[in-house]
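[1] Here's my sequence, what's the structure:
(one chain, ligands or ions: 2)
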Amino acid sequence: MRRDYIDTGYSPKDTDLICEFHIEPSAGVNFEEAATHMAGESSIDSWTEISTLSPELAARLKPHVFYVNEDAQTVRVAYSEELFELGSVPQVLSAVAGNILSMKVVDNLRLQDIAFPGSMLHEFKGPKFGLPGIRELTGVQDRPLIGTIVKPKVGLTSEKHAEVAYKSFAGGCDLVKDDENLTDQKFNGFEKRAELTLKLAEKAESETGERKMYLCNITAPTCKEMIRRMNILKDLGASYAMIDIVPAGWTALQTLREEADDAGLALHAHRCMHSAYTRNPRHGISMLVVAKLCRLIGLDQLHIGTVVGKMHGEKHEVLSLRDECVLDNVPADENQHILAQNWGRLKPMFPVASGGLAPTMIPDLYTIFGKDVIMQFGGGIHAHPMGTAAGATACRQALEATLEGVSLQEYAKSHRELEVAIDKWLKK
Ligand SMILES: O=C(COP(=O)(O)O)[C@H](O)[C@H](O)COP(=O)(O)O
Ligand SMILES: [Mg+2]
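    Numbers count the residues shown, from 1 in each chain. Ligands and ions are numbered 1, 2, ... in the order given. Alright, predicted model coming up:
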């Protein structure tokens, strides 16, 4: 192992990839020692001095640990872009989130953030539609989008599924999506479900005069099968496909993004399983990194949390994810371990707030996120005492009240579905 990776005099080049890590050395290992091992293992080196690494090669490719803050257990490393296969997320992760997470010299190690140089951004497509394109697609320009997840998560027949989706659309939902664990089960096959639900989405469109989007889950055992499902959706006239990004994997996402150009479909990113490596604040990979990789590859919308709902995620974290989705230039925030990122020509993604939400939470959600958010209600719609359609209507009514600056209670006096929702979710 070379000993010269700690280099606090180094100022990163415009073409360097920058990573920020949280490091907790294991007992008996000092901080710079651990950082040195991490830098070497994430780039060119091994655990011992290797004769095959010439000084010229090391000079060209060696990483630079240019920021060391032992008190904050934080280091920043600049990597030459030459170390990476440009345009390959799996290769980047194999380096900066690979073996280093397993090393004995650290008790904990977390990749907090990655800043991509313009030269590497160029190799990625970014979102095909993104936030502005989704607004075009749905015809909704000036308010949050309202969506639902068909519940129960799995178990309905395709006919029943399509019926629940239809009621959601008729009641006022802009988007209806499959749940993350619904793919192609015997009781609800992918193709039949897609066909029936898209047909009823069209019916709801002609009845309501609003665009209605069905987000069918194409997650499958192979990329080949996911592409086949994507093309089935294209042929059925769908506008979207949904993917479980973590179970499917980064190679699959890059493959599907390639295909999405021809298929002309928007890609909805469900992040189930992300907590397997994002939840521990001391070890793993941050959700911020996951969000950045999604924008880079080109997912059009991404779940980011709700602050007020059922899933883990502090307000500052959720808002950092929102900013990474929508801003062209993300400023650095040392306290939140966020590196500055200029997204160049890559479009913004549409952030999705979902998980444990009820219509009565819409005023809070609007205060937190403003208009550029997709608010999704599963139980919050299908548990409405008057049924699914009324649940969807209660969401639209709550949103109307919020946009008009009227209290929910006042608005409910003339809007029955909202009144019933308030009884259920506010007057416990
Ligand atoms: O099905 C749901 C929510 O259903 P419900 O509205 O009934 O709770 C989603 O899978 C979660 O939002 C995922 O979590 P996250 O959005 O945090 O990834
Ligand atoms: Mg779900």
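
[2] Surely residue 365 touches residue 306?
    Yes - using C-beta atoms under 8 Å, residue 365 is in contact with residue 306, at 6.9 Å. C-beta: built from backbone N, CA, C; applies to glycine.

[3] for ligand 2, what are the nearby residues on the stretch 101-250 of the chain?
    179, 180 (C-beta under 5 Å from the ion).

[4] cutoff 8 Å now
    Taking C-beta under 8 Å from the ion as the measure of proximity, the stretch 101-250 of the chain contacts ligand 2 at 149, 153, 179, 180, 181.

[5] can you pull the pLDDT of residue 1?
    Note on residue 1: pLDDT of 83.

[6] what residues are up against it?
    Each residue near residue 1 by C-beta atoms under 8 Å, 6 or more residues apart in numbering is listed here: 36, 37, 40, 45, 46, 47, 48, 49.

[7] Which helix runs longest in this structure?
    When the chain is parsed with DSSP state H, its longest helix is helix 190-208.

[8] partners of the helix or strand following that one in the sheet?
    Tracing the chain C-terminally past helix 190-208 and defining elements by DSSP states H and E, one meets strand 213-215 next. Based on DSSP bridges, the pairing partners of strand 213-215 within the sheet are strand 175-177 (parallel).

[9] Break the chain down into its structural domains.
    Recorded structural domains for the chain (assignment: automatic domain parsing) are 17-121, 130-425.

[10] and stretch 74-89, which residues are buried?
    Applying a neighbour-count criterion of 16 or more other C-beta atoms under 10 Å, one finds 74, 75, 76, 77, 78, 79, 80, 81, 83, 84, 89 buried in stretch 74-89.

[11] One more: stretch 36-48?
    So, applying 16+ other C-beta under 10 Å, buried residues of stretch 36-48: 36, 37, 38, 39, 40, 41, 42, 43, 44, 45.

[12] quick check, nearest of the contacts of residue 1 to ligand 2?
    Using C-beta to the ion, the shortest approach to ligand 2 within these belongs to residue 37, at 39.4 Å.

[13] Make sure I have this right: the closest one is in a helix.
    Yes - the assignment for residue 37, made by DSSP: H, G, I helix; E, B strand; the rest coil, places it in a helix.

[14] Nearest residue to it in space, ignoring adjacent ones along the chain?
    In space, not counting the residues next to it along the chain, residue 37 is nearest to residue 105; the distance is 4.7 Å by C-beta to C-beta, 6 or more residues apart in numbering.

[15] Could you measure from that neighbour over to ligand 1?
    As for residue 105, its distance to ligand 1 is 33 Å (criterion: C-beta to the nearest ligand atom, to the nearest Å).
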